[in-house]
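J.: How does the following fold in three dimensions:
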Amino acid sequence: MNGSQALGYLARKDKWFLGGGKKVIWAPEFPLWLEQPGFWDHACYLDYRVGPLFTVTLVDERGREVSLSQVERYWQPDHSSQLYRERAHGLTVQERRALLPLDVLASSFEISHQLDQEKTYDLILWTAQERFESQGIFELDGGKARPQDSTVLWRRRVRDSRVPRNPQNDDEGVLMRFAVAVGANRTAASFSIKTSDRQPNYPRWTYSPFYEKLAEHGGLGNETPGHLDPDFGGLTYFGLHYKVTLPPNGRAAITFFAAIAGSEEEALVNLRVARRREDLSHRQPLTANFAAEEPDPSPVEMPDRDRRPTYPAKRHWREYFEGVPDFTCSDPYLQKYYWYRWYGLRLNTIRAGDDERLSLPYPCVFEGINLGWFRQPITYSAQCHMLETKWLHDPALAQGSLLNFVVNQLEDGSFPGVVKNIYRDKNHPQVGVAFYHANWGLAVRELHRVHPDRVFLERVYKPLSDYLRYFNRVRDSDETGLYDVINMWETGQEFMSRYQQVDPEADKGGNLRLKGVDATVYIYELQQTLAWMAGELGRPEAGQWQELASRTRRAVRQRMWNPETEFFHDVNPATGERISAKAAVGFYPFMAEGLAGPEHLNIFRKHLFNEAEFWTPYPVPTTSKDDSTYSAGGEWQGQRLVCPWNGRSWLMTNSHVAESLARAALNFDSSLQPKAVELINRFIKMLFLDGNVDTPSSYEYYNPLTGQAPFFRGTEDYMHSWIADLIIKYVAGVQPGDGGRVWIRPLPFDLDYFTLDRLKVAGHWLKITWRKSDKVAWEALNQPNRNPVGLTVWVDGELVAARSRLEPFEISLV
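T.: Sure, this is the predicted structure:
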């Protein structure tokens with residue numbers, strides 16, 4: 001599947017999110033104005049709300065608003081399109097929305113009619129900006145019109161609410177600034193900036209001052225205020241007015257842009273690039289009224305499909321999809337979700353390294369679309385991003401997911417839980433107060449197996465060593481080999497009985513001490529990885545790290561494993577006793593090599609596969625069903641919460657448990673393999689709304705009994721787990737090891753066929769194919785008739801292994 005095919009393959013009619021830029025995303029979680037032209041619902045610049053951006057109003061020759069009715073909507077990752085109709089004037093309007101790679105939102109209109117006479121319309125691009133937002137911390141910081149290039153722009157600044165305003169220094173307490181420049185690909189007939197007392201800020205033409213201005217003057221009046229009163233608390237309207245003439249039975253086109261950037265200058269440059277690119281792609285002006293700003297005597301000839309103003313977004317997304325491994329198979333759910341996952345990762349990818357004022361020099365993936373917390377790098381999800389993006393042909397995103405925390409490492413050796421999107425300045429906090437546990441050891445080692453990079457290992461060895469020393473010093477001061485969780489927030493798993501059993505007031509968010517299974521597994525993986533890294537880099541600490549790993553292994557097996565319950569439990573350090581709560585983290589030790597063994601396998605049969613505990617219709621609940629706090633509906637003490645871990649099926653824990661079960665099945669007991677297949681299948685199918693293969697989703701969690709998504713939460717396309725990685729490793733069976741070794745160990749998914757191609761491992765190109773029998777039609781495979789029946793492995797175009805059935809074997813790339 002090439003990039004263009006992937007775009008069409010993911011097409012649907014119920015989505016609207018647009019990504020693919022650098023710091024901007026347009027994914028309003030609860031949109032109110034999708035049926036209005038333009039972008040009135042908010043965008044995000046990093047994690048700052050930007051909106052409304054603009055809407056577009058059509059006015060006829062008699063001065064009446066043309067009310068457009070949306071009749072159809074379509075979406076694919078690079079764009080959405082909306083079809084509007086208006087009967088009184090016989091109009092059809094096709095709007096195509098996209099986010100261009102330079103953080104420019106584009107709304108391209110094609111307007112047509114079937115009347116025998118020429119018609120002229122006024123088009124008004126307009127917005128209304130609040131002076132203050134969010135208790136005054138988002139301030140409108142000026143705006144202006146630029147008649148010379150038909151642009152209006154405004155600036156906003158984000159203030160630290162803890163810093164009093166200083167009339168002598170407007171910069172004091174400013175955490176962030178951004179600007180928005182708005183215009184079209186044609187010269188405006190008039191413009192205006194008008195202030196107004198407060199009123200409902202809706203995209204209603206009759207609410208705007210331009211409604212009367214246009215009727216009175218035939219234009220917007222070319223007015224701008226001398227300055228914006230700093231005490232003014234109402235709305236500021238920005239408008240640009242265009243004339244559009246439709247020839248008899250003809251059509252015309254115009255594209256509107258909103259460039260969002262960290263400065264006015266950058267926004268103007270990016271807007272100019274978007275306009276210029278669009279001008280050059282037209283063979284000729286569409287109408288006489290659409291004279292280009294910079295007419296070109298010999299426009300570049302381009303294919304029709306490339307002449308759209310939104311084409312740069314398509315090209316960018318196409319190239320992105322061609323930079324991931326190509327996977328197809330006979331199971332439509334596995335195949336669809338594989339590609340959908342890669343869409344979600346790019347949607348939330350941020351590249352902010354061009355702004356040295358920020359603390360994000362490396363590309364990374366934000367956790368989700370929601371303002372307020374998820375639009376920033378978070379350690380708990382960054383571990384997952386590394387596991388998945390290591391399969392990209394370019395390792396920069398996977399490496400950046402760790403390096404952004406390395407450059408923000410705290411003096412005590414710990415990493416901040418989040419890196420805040422604010423200016424890097426000693427007068428402002430660089431990081432949040434949160435801390436999250438993360439499995440850096442597994443992420444680094446698996447990344448190196450796919451993209452060996454000694455320079456990267458050198459770069460992260462000391463920071464990770466300091467991180468481990470912090471844990472030994474602060475989180476295991478009693479030298480037990482088990483590691484402390486000190487509040488319910490830092491595991492990323494809030495509101496669980498595991499915390500209440502060491503502190504009945506834990507759900508208030510205060511400090512506690514719990515030797516956590518998850519925290520300990522993560523640190524054990526880091527101990528093992530640092531021992532390996534030290535050997536690779538010739539460092540003397542290898543024995544020291546291995547000794548720590550051995551101590552932790554003994555402690556987990558002796559103190560966390562309960563031979564009576566046959567479960568790994570957290571430990572109360574105050575008593576030294578195991579708590580009784582059974583959380584899904586109890587399965588995590590099987591993720592880590594050497595931590596759990598064959599003697600612990602009954603944990604799966606007794607607990608995971610037990611319908612009274614974890615084997616729900618939509619597994620795996622984060623807390624066992626027989627726990628007194630368990631709630632499938634996410635209620636804690638009778639109240640539904642947005643982020644409960646006392647029974648919901650979270651994608652994060654599902655990824656961990658699926659990883660643990662798959663490894664146990666492959667390493668210790670092949671009789672577990674069918675259950676591992678069942679878990680991964682049920683996990684992935686849960687993510688399809690109403691079981692519809694055309695509507696994959698990625699919310700934080702789902703109801704373990706009904707599979708329903710938490711629509712009330714609005715957190716769709718949430719990147720807080722790993723799934724494409726599970727498909728590559730356990731469906732296609734590709735499991736890279738150290739030293740150029742690659743295990744091929746697919747689980748028995750009973751597929752008629754699969755192909756994993758375009759897979760880059762250790763500098764080599766791999767292809768793995770499976771064809772169950774010669775009865776599988778080649779038309780279904782959509783590829784040349786060259787793959788034999790059975791399992792085959794190709795390296796750099798050469799067949800290196802073939803097996804008649806799905807069985808494990810090893811190949812070497814050296």
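J.: Give the rounded mean pLDDT of stretch 615-635.
T.: Across stretch 615-635, the average pLDDT comes to 98.
J.: Return the alpha-carbon coordinates of stretch 717-724 using CSV.
T.: Output in CSV follows, covering the C-alpha atoms of stretch 717-724 (Å, rounded to 0.1, in the frame of the first residue of the first chain):
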residue,chain,number,x,y,z
ASP,A,717,-6.9,9.6,18.8
TYR,A,718,-5.1,9.3,22.1
MET,A,719,-1.6,8.0,21.8
HIS,A,720,-1.1,6.3,25.2
SER,A,721,-0.3,2.7,24.2
TRP,A,722,1.4,0.6,21.5
ILE,A,723,-0.6,-1.4,18.9
ALA,A,724,1.2,-1.2,15.6
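J.: what comes into contact with it?
T.: For stretch 717-724, the external contacting residues (C-beta atoms under 8 Å, 6 or more residues apart in numbering) are 17, 27, 337-338, 341-345, 347-348, 365-369, 374, 380-381, 384-385, 387-388, 391, 650-652, 654-655, 659, 683-684, 697-700. All C-beta spots, glycine's among them, are computed from the backbone N, C-alpha and C.
J.: Just give me the neighbour total for residue 470.
T.: By other C-beta atoms under 10 Å, 17 other residues sit near residue 470.
J.: So which bits of stretch 410-424 are buried?
T.: 413-424 (16 or more other C-beta atoms under 10 Å).
J.: Secondary structure and distance to residue 244 for these - can I get that in TSV?
T.: Listed next are the buried residues of stretch 410-424 as TSV, based on DSSP: H, G, I helix; E, B strand; the rest coil; distance: C-beta to C-beta, whole Å:
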residue	secondary structure	distance to residue 244
413	coil	62
414	coil	58
415	coil	54
416	coil	51
417	coil	51
418	strand	46
419	strand	46
420	coil	44
421	coil	39
422	coil	42
423	coil	42
424	coil	46
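J.: List just the nearest of the residues you listed to residue 172.
T.: residue 423 (12.4 Å; C-beta to C-beta).
J.: Could you pull up the residues touching the closest one?
T.: 174-176, 357-358.
J.: Could you check how far it is from residue 269?
T.: Going from residue 423 to residue 269 by C-beta to C-beta, to the nearest Å gives 21 Å.
J.: With residue 374 instead?
T.: 29 Å.
J.: Leaving out the residues flanking it, which one is nearest to the residue nearest the centre of the chain?
T.: Taking C-alpha atoms, centre = their mean, the centroid of the chain lies closest to residue 348, which sits 2.9 Å from it. The shortest distance from residue 348 to any non-neighbouring residue, by C-beta to C-beta, 6 or more residues apart in numbering, is to residue 366 (4.7 Å).
J.: Quick one: neighbours of that neighbour, just the number.
T.: For residue 366, using other C-beta under 10 Å, the count is 25.
J.: can you pull the pLDDT of it?
T.: 98.
J.: hang on, it packs against residue 345?
T.: No. In this structure, residue 366 is not within contact of residue 345 by C-beta atoms under 8 Å, at 10.3 Å.
J.: quick one on the thing from earlier: backbone torsions only: list them for the residue nearest to the centre of the chain.
T.: Dihedral angles phi and psi of residue 348 (degrees, to the nearest 10) take the values phi -100, psi 10.
J.: Might you report the residue contacts of it?
T.: Residue 348 touches 19, 25, 365-369, 717, 719, counting by C-beta under 8 Å, 6+ apart.
J.: so residue 333 is in which element?
T.: helix 332-347 (DSSP states H and E).
J.: Need the contact partners of the helix or strand just after that helix.
T.: Downstream of helix 332-347, the next assigned helix or strand under DSSP H and E is strand 349-350. Residues outside strand 349-350 that contact it (C-beta under 8 Å, 6+ apart): 19, 22-23, 46, 360, 363-366, 377, 397.
J.: What of stretch 492-501?
T.: 380, 436-437, 485, 488, 506-507, 512, 514, 516, 518, 570, 572, 579-581, 583, 585, 622-623, 627-629, 636, 641, 643-646, 650, 652-653.
J.: Any of the residues you listed buried? List them.
T.: In the contacts of stretch 492-501, the ones that pass as buried (16+ other C-beta under 10 Å) are 380, 436-437, 485, 488, 506-507, 512, 514, 516, 518, 570, 572, 579, 581, 583, 585, 622-623, 627, 629, 636, 641, 643-646, 650, 652-653.
J.: Now intersect the residues you listed with the strands, please.
T.: 485, 514, 572, 636, 650 (DSSP state E).
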